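Trainee: no letters, just coordinates:
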C-alpha cells in the first residue's frame, strides 16, 4: 500500500471512526482502525468497529498501490493530529508486512500494525426495511429525545430511543423511568422507502429501539447536512445501517419490548400553567445554583389569584432562594416539586416562546409542551414527593 493524502482530511476521518473503536477491546485488533486504499476509486477508506457500533468513512487520496492494514487507533490519531496541516501525508507499507511508514514534511514515523484479515467485517443488510428520510427531520427527533434515555446499563432497553414509523410519520420516544420525551414528525419518508412485511409489527407499523450511543454518533455525522439531502436507513435482523454520503454507521438494535409509554400520559389535566419559556429557564438556572448544593429539588407554587408562580430551593445548611414569575394559571393553586435538571432539559428542548405545564396533583406526572401545540413534542416528568 502506498498513498498520499491531506493531513486535515485524514485527521478528521480518524477522529470520526475512532469513536467506534473500543477502549477495552476483547481482541487486540479491535483497538485498531482499518485503512483500505483502492487505486480504482482513488479513495482511502477508514473503519472503526467494536462489534456493536461501526463507523466507516472515506477520503480522497493519490494512491499508487492498493492495500489494507490495521493500526492502533489512538496512537495513529495522536500522531496525525500533531503533524503539519500544510503538508500532505505519505503512507506506505512493504509487501507482506503490516508495518507502515508515515512521512509528513520533515517528520517520519514507523508503526507496527496488524493484518487486515483479522479485522471483522461490518454487517451487511441485503434485505429488510429501507427508509429514506430528511436528515434534518431525523436530527430534530434525536435532539428532542436523546437526553431522556437512561444511563443505567441495568435498564438496557431504556438506554436507547424507540422509533416507530406509521404511514410515513415518525415517532421517537425515550425514557429513563423518571421522565419521558416524545417527538412526532409527519411526512418523513421519501420516495424509494421500502417497509419489508417481515419487519412490521402486528399493527402494521415498523418499530426499532436503537442505542443512544449509536444515535449520538449519527447526530454528529449528519448535523451539517442540508434539507434536500437524504439519509438512508437499512434495518434487518437486529442490525441497522445508516448511510450518509460517503459515510456508513452500523449499530445493533436493542432487543426486547419497549414499555408502552403512551399509557403514562394522563388523558386530561385539572391544572395548567402557561409561562414564558425563557423567563422560567433563567429563573430555574439561578435557583439551581442552590438546588445543586443539596438534592436538585425545587418547588413550584402557584398564587391564589392565578397570575404568579414562585420557584424555591432550600439547601440545608447553605441557604434558600426564590424566584417569582408572572404567568397564566388555570385550576386551583398547587405546590409541586421537581428535579430541576429534569425540568430544564425539557424546557430547553421546546422551541416555543410560551410553554404549557399541565398536571393534576403533586404526586402525578406533569407534562410540558409548546403552547401552540401541534402534538410534535411532549415531555412528561415525574414530580418529587414533598415531605411535610
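Mentor: Yes, it's here. The model shown is predicted, which means the values in this text are computed figures rather than measured ones.

Trainee: might you report the residue contacts of residue 25?
Mentor: 31, 50 (Cβ atoms under 8 Å, 6 or more residues apart in numbering). The way it works is simple: take the backbone N, C-alpha and C, and place the C-beta from them, glycine included.

Trainee: if we use 10 Å, what do you get?
Mentor: Taking Cβ atoms under 10 Å, 6 or more residues apart in numbering, we find residue 25 in contact with 31-32, 50-51, 73.

Trainee: quick check: domain ranges of the chain?
Mentor: If you go by automatic domain parsing, the domain ranges for the chain are 2-118, 129-262, 265-381.

Trainee: and those domains, which one is worst for confidence?
Mentor: Of all these, domain 129-262 carries the lowest average pLDDT, namely a mean of 88.

Trainee: and the helix or strand hosting residue 208, how far out from the chain's middle?
Mentor: Assigned by DSSP states H and E, residue 208 falls within strand 206-211. Remark: strand 206-211 is offset 13 Å from the chain centroid, using Cα atoms, centre = their mean, to the nearest Å.

Trainee: what angle sits between the following helix or strand past that strand and strand 206-211?
Mentor: Using DSSP H and E, the helix or strand that follows strand 206-211 in sequence is helix 212-222. For helix 212-222 against strand 206-211, the angle by axes from the mean of the first three to the mean of the last three Cα atoms, to 10 degrees is 100 degrees.

Trainee: C-terminal to helix 212-222, what's the next element?
Mentor: That would be, after helix 212-222 and using DSSP H and E, strand 231-236.

Trainee: and that next one, what other elements does it pack with?
Mentor: Helices and strands touching strand 231-236, by 3 or more Cβ pairs under 10 Å, 6 or more residues apart in numbering; DSSP states H and E, are strand 129-133, helix 135-145, strand 160-166, strand 206-211, helix 212-222, strand 239-244, strand 247-252.

Trainee: can you list the buried residues in it?
Mentor: Going by neighbour count (16 or more other Cβ atoms under 10 Å), the buried part of strand 231-236 is 231, 233-236.

Trainee: wait, which of those is closest to residue 283?
Mentor: Set against residue 283, the nearest of these by Cβ to Cβ is residue 231 (38.0 Å).

Trainee: where do the helices sit along the protein?
Mentor: 7-17, 73-81, 135-145, 212-222, 277-291, 340-349 (DSSP state H).

Trainee: in CSV: these, plus mean neighbour count.
Mentor: Formatted as CSV, the helices of the chain follow (neighbours: other Cβ atoms under 10 Å):
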stretch, mean neighbour count
helix 7-17, 20
helix 73-81, 18
helix 135-145, 21
helix 212-222, 20
helix 277-291, 17
helix 340-349, 19
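
Trainee: now the ones you listed in TSV, with distance to residue 111?
Mentor: Listed next are the helices of the chain as TSV, based on distance: least, Cβ to Cβ, whole Å:
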stretch	distance to residue 111
helix 7-17	13
helix 73-81	7
helix 135-145	36
helix 212-222	26
helix 277-291	48
helix 340-349	43
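
Trainee: among those, which is nearest residue 375?
Mentor: Proximity to residue 375, assessed across the helices of the chain by Cβ to Cβ, is greatest for helix 135-145 (12.6 Å).

Trainee: which strands or helices does the closest one pack on?
Mentor: When contacts are defined as 3+ Cβ pairs under 10 Å, 6+ apart, helix 135-145 packs onto strand 160-166, strand 169-175, strand 179-185, helix 212-222, strand 231-236, strand 239-244, helix 340-349, strand 377-381.

Trainee: the longest one - contacts with which helices or strands?
Mentor: Contacts defined by 3+ Cβ pairs under 10 Å, 6+ apart place helix 212-222 against helix 7-17, strand 53-60, helix 135-145, strand 160-166, strand 169-175, strand 231-236, strand 239-244, strand 247-252.

Trainee: so which of the helices of the chain gets nearest residue 319?
Mentor: Nearest of these to residue 319, taken as Cβ to Cβ: helix 277-291 at 6.1 Å.

Trainee: for the residue in the chain sticking out farthest from the centre, give me its contacts.
Mentor: Each residue of the chain has a distance to the centre, and by Cα atoms, centre = their mean the biggest one is for residue 305: 42.5 Å. The neighbourhood of residue 305, defined by Cβ under 10 Å, 6+ apart, consists of 329, 333.

Trainee: and the gap between it and residue 329?
Mentor: Distance, residue 305 to residue 329, using Cβ to Cβ, to the nearest Å: 9 Å.

Trainee: one more: residue 56?
Mentor: Taking Cβ to Cβ, one finds residue 56 at 54 Å from residue 329.
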